[in-house]
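**Student:** Please work out how this folds:
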Amino acid sequence: MMNKTYTDILRRADEWIEAHKAEYIAEIQGLARIPSVSRADLAQPGAPFGPDCRRVLDYALERGRCWQFEAEDLHGCAGSITMGDGDNAIGLIAHLDVVPVGDGWVYPPYGATYLPEHDVLIGRGVDDNKGSAVAALFAMRMLREFGWPLKHGVKLICGLSEETGMQDMKLLKEKGYRFPQLSLVPDAGFPVNYAQKGSVDAEIAAPCKGNLIRLDAGSVRNIVPDLAVCTVAADEDTVRAALSRLDDADTSMLTVRPVQGGTEISAAGRSGHAAFPQSTDNAIHRLTRALTLSGLLEGSCRDAVAQLADLTSDAFGESEGVAFSDEASGPLTLVYGVAHLKDGLLHVSADCRYSISLKGDELCARLRADWARRGYQVTRLESSDPFYIPKDDPRVQALQDVYKTITGRDDQPYAMGGGTYSRAVPNAISFGPGMPGPKTDFSAFLPEGHGGGHGRDEAIFMDKVYTCSRIYAAAIAALDAILP
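**Tutor:** Numbering: from 1, shown residues only. Coordinates of the predicted model:
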């Protein structure tokens, strides 16, 4: 069990957090009001992920210095905020980039609105992952102000490209950056995440000419889109007549209206993270299935759309013949999150999370072959290996003890399909901030489907941030005691 003296941290943490609650809220708001979507296409000198990510990095480093920590710009790819011996440090690795906001928010996406009656913050990034960065920073503050004796330093690393393939950490490794001997990644759930699936990130394209004028769906590959829109070169009566032959289940989520040059058809779905597609409804499939069954399309667009309808008919690789599951990490997932028609080609993104016992190169070869059979050619493909650490590793056991002591829960280490910096950084263990149990209920102040980390009106109850700070402070002390 955790050393009894660590209970002093927990006792003192409650009083400290109570005195600093307003500061927690203000720090998260400051970060979340910067629209830091990672944009490598807008790269500038010193800003490889665009000016907004540069701005959030500068802000974070300034805040670190404000609290008398050492702050360092890491080639514009990330920043570090360090307490004590940075050459012999325990790491905390969060990210300050966010996914795009999309439409349909109730509250301003970058307003970081605080609702005191619910003690909740609403805004893009408050949960994923800026709230975690602040929880980690304030855990460092606690330990320093408590005068807790540590033989290691503590280093908070803030990345800028986690949501777009973790290019930030890959660039740092290429530049020879020396990461801490062990790091915690506060970008998953409690308790310890011992395994993460491997990933395949691909872009494919097929010829798509004919009477399909437009098709647009999704903005980032790792979100199942809840809206897909197309324009067909046909009058409204023709389109409605063709769709009327379909079952109600295939048309109930469609909207039809005349536009210049033809008729627009919109399909609504239900969004969610591509790593957890079980409760999602891909709008691309709803639209492409309706187009295919209606017989509206002519030319090569008919085949491209029909194949996409089949590819999106499930989210577990069954259509492609690559379905697989293992006991440690569960089923493979394969989601198509972006589709755009441009210059006679239908461009589609694929996000695959594969079980840890699969071989990535063999999977990629099978996917290439299936897509080619359908007339789709691969224009880009990147893969990341799975992450795995044994459940009986002493570091895992120490973190489990911290979690159990603080929460009173006996939850076991878990595997997941989501990818965090654990896959890109050596010796990085994902630990929090989400809690096991029922999905967080935001229904008292948000519509159904709002409040999630990649969804509309992303929200975080402040009690979650405070609990995370307590856990991270005790976890740093526990790891400090067992690491050389």
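**Student:** Now for residue 456, how many residues are close by?
**Tutor:** Neighbourhood size, residue 456 [other CB atoms under 10 Å]: 23. For the C-beta atoms, the positions are set from N, CA and C on the backbone; glycine is no exception.
**Student:** Distance-wise, check it relative to residue 110.
**Tutor:** The gap separating residue 456 from residue 110 is 13 Å, by CB to CB, to the nearest Å.
**Student:** Quick check: neighbours shared by these two?
**Tutor:** Counting by CB atoms under 8 Å, 6 or more residues apart in numbering, the shared contacts of residue 456 and residue 110 are residue 101.
**Student:** so what's residue 400 up against?
**Tutor:** 191-192, 413.
**Student:** tell me which element it is part of?
**Tutor:** Following DSSP states H and E, one finds residue 400 within helix 394-407.
**Student:** quick one: which of the contacts of residue 400 is nearest residue 467?
**Tutor:** Distance to residue 467 across the contacts of residue 400 (CB to CB) is lowest for residue 191, with 12.8 Å.
**Student:** That closest one reaches residue 405, doesn't it?
**Tutor:** No. Residue 191 lies out of contact with residue 405 (CB atoms under 8 Å); the separation is 11.3 Å.
**Student:** Between those two, tell me which one has more neighbours.
**Tutor:** residue 191 (24 against 18).
**Student:** per-residue confidence for the more buried one?
**Tutor:** Model confidence at residue 191, given as pLDDT, is 97.
**Student:** how close does it get to residue 119?
**Tutor:** The gap separating residue 191 from residue 119 is 24 Å, by CB to CB.
**Student:** so where do the strands sit in the stretch 101-250 of the chain?
**Tutor:** 113-115, 120-122, 153-159, 182-185, 188-189, 192-196, 198-207, 212-217, 223-224, 227-232 (DSSP state E, counting those that start in this stretch).
**Student:** closest one to residue 345 among those?
**Tutor:** strand 198-207 (4.6 Å).
**Student:** The closest one - contacts with which helices or strands?
**Tutor:** In terms of contacts (3 or more CB pairs under 8 Å, 6 or more residues apart in numbering; DSSP states H and E), strand 198-207 is packed against helix 300-311, strand 345-354, helix 360-373, strand 377-384.
**Student:** and of the ones you listed, who's closest to residue 420?
**Tutor:** strand 377-384 (10.9 Å).
**Student:** Now do the very next helix or strand once past that closest one: everything it contacts.
**Tutor:** Going down the chain from strand 377-384, the next helix or strand is strand 387-388, by DSSP H and E. Applying CB under 8 Å, 6+ apart, the external contacts of strand 387-388 come out as 194-196, 328, 356, 422-423.
**Student:** let's see 10 Å
**Tutor:** Residues outside strand 387-388 that contact it (CB atoms under 10 Å, 6 or more residues apart in numbering) are 185, 193-198, 328-329, 356-357, 415-416, 419-425, 428-430.
**Student:** Show the buried residues in the residues you listed.
**Tutor:** Among the contacts of strand 387-388, those classed as buried by 16 or more other CB atoms under 10 Å are 185, 193-198, 329, 356, 415-416, 419-425, 428-430.
**Student:** about what we covered before: buried sites along the helix holding residue 400?
**Tutor:** For helix 394-407, by 16+ other CB under 10 Å, it's 395-396, 398-403, 405-407.
**Student:** Please parse this protein into its domains.
**Tutor:** Here the domain parsing of the chain from automatic domain parsing is 4-197+387-482, 199-384.
**Student:** now the end-to-end length of stretch 438-446.
**Tutor:** Length of stretch 438-446, first residue to last, CA to CA, to the nearest Å: 17 Å.
**Student:** Out of the contacts of residue 400, flag the one nearest to residue 292.
**Tutor:** Nearest to residue 292 among those, with distances taken as CB to CB, is residue 413, at 43.6 Å.
**Student:** how far is the helix holding residue 400 from where the chain is centred?
**Tutor:** 25 Å (CA atoms, centre = their mean, to the nearest Å).
**Student:** One more: stretch 453-473?
**Tutor:** On CA atoms, centre = their mean, the centre of stretch 453-473 falls 15 Å from that of its chain.
**Student:** that older thread, any chance of the strands of the stretch 101-250 of the chain in CSV with distance to residue 324 as columns?
**Tutor:** What follows is these, written out as CSV (distance: least, CB to CB, whole Å):
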stretch, distance to residue 324
strand 113-115, 43
strand 120-122, 38
strand 153-159, 30
strand 182-185, 26
strand 188-189, 22
strand 192-196, 15
strand 198-207, 11
strand 212-217, 27
strand 223-224, 20
strand 227-232, 28
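**Student:** Specify the stretch among the ones you listed that is closest to residue 389.
**Tutor:** Ranking the strands of the stretch 101-250 of the chain by proximity to residue 389 (CB to CB) places strand 192-196 first, at 5.3 Å.
**Student:** Give me the spatial nearest neighbour of residue 230, chain neighbours excluded.
**Tutor:** The shortest distance from residue 230 to any non-neighbouring residue, by CB to CB, 6 or more residues apart in numbering, is to residue 215 (4.3 Å).
**Student:** State the number of residues packed around the one you found.
**Tutor:** 27.
**Student:** which residues touch it?
**Tutor:** 208, 228-232, 265, 284, 287-288, 291, 301, 304-305, 308, 339-342, 346-348.
**Student:** can you tell me how far the nearest residue to residue 406 once chain neighbours are set aside sits from residue 14?
**Tutor:** Closest residue in space to residue 406, ignoring its immediate chain neighbours: residue 471 at 5.5 Å, by CB to CB, 6+ apart. The gap separating residue 471 from residue 14 is 13 Å, by CB to CB.
**Student:** Which of those two has more residues huddled nearby?
**Tutor:** When residue 471 and residue 14 are compared for neighbours, residue 471 comes out ahead with 27 against 11, by other CB under 10 Å.
**Student:** residues touching the more buried one, list them.
**Tutor:** 10, 13, 135, 139, 184, 186, 190-191, 399, 402-403, 405-407, 431-433.
**Student:** which regions of the protein lie under the pLDDT threshold?
**Tutor:** Scanning the chain for pLDDT under 70 picks out 1-5.
**Student:** That one: helices as residue ranges?
**Tutor:** Along the chain, the segments classed as helices by DSSP state H run 7-32, 51-66, 131-146, 167-174, 236-243, 248-251, 283-294, 300-311, 360-373, 394-407, 462-482.
**Student:** Tell me which other helices or strands the fifth one touches.
**Tutor:** Just to be clear, that refers to helix 236-243. Applying 3 or more CB pairs under 10 Å, 6 or more residues apart in numbering; DSSP states H and E, one finds that helix 236-243 contacts strand 227-232, helix 248-251, strand 254-259, strand 262-268, helix 283-294.
**Student:** cutoff 7 Å now
**Tutor:** strand 254-259, strand 262-268, helix 283-294 (3 or more CB pairs under 7 Å, 6 or more residues apart in numbering; DSSP states H and E).
**Student:** Out of these, flag the one nearest residue 155.
**Tutor:** Taking CB to CB, helix 283-294 is the member of the helices and strands packed on helix 236-243 nearest to residue 155, at 41.4 Å.
**Student:** Which neighbouring elements make contact with that closest one?
**Tutor:** Checking 3+ CB pairs under 7 Å, 6+ apart, helix 283-294 ends up next to strand 227-232, helix 236-243, helix 248-251, strand 262-268, helix 300-311.
**Student:** which outside residues touch that helix?
**Tutor:** 217, 225-228, 230, 242-243, 245-246, 250-251, 253-254, 265, 267-269, 297, 305-306, 308-309, 312-313, 336, 339 (CB atoms under 7 Å, 6 or more residues apart in numbering).
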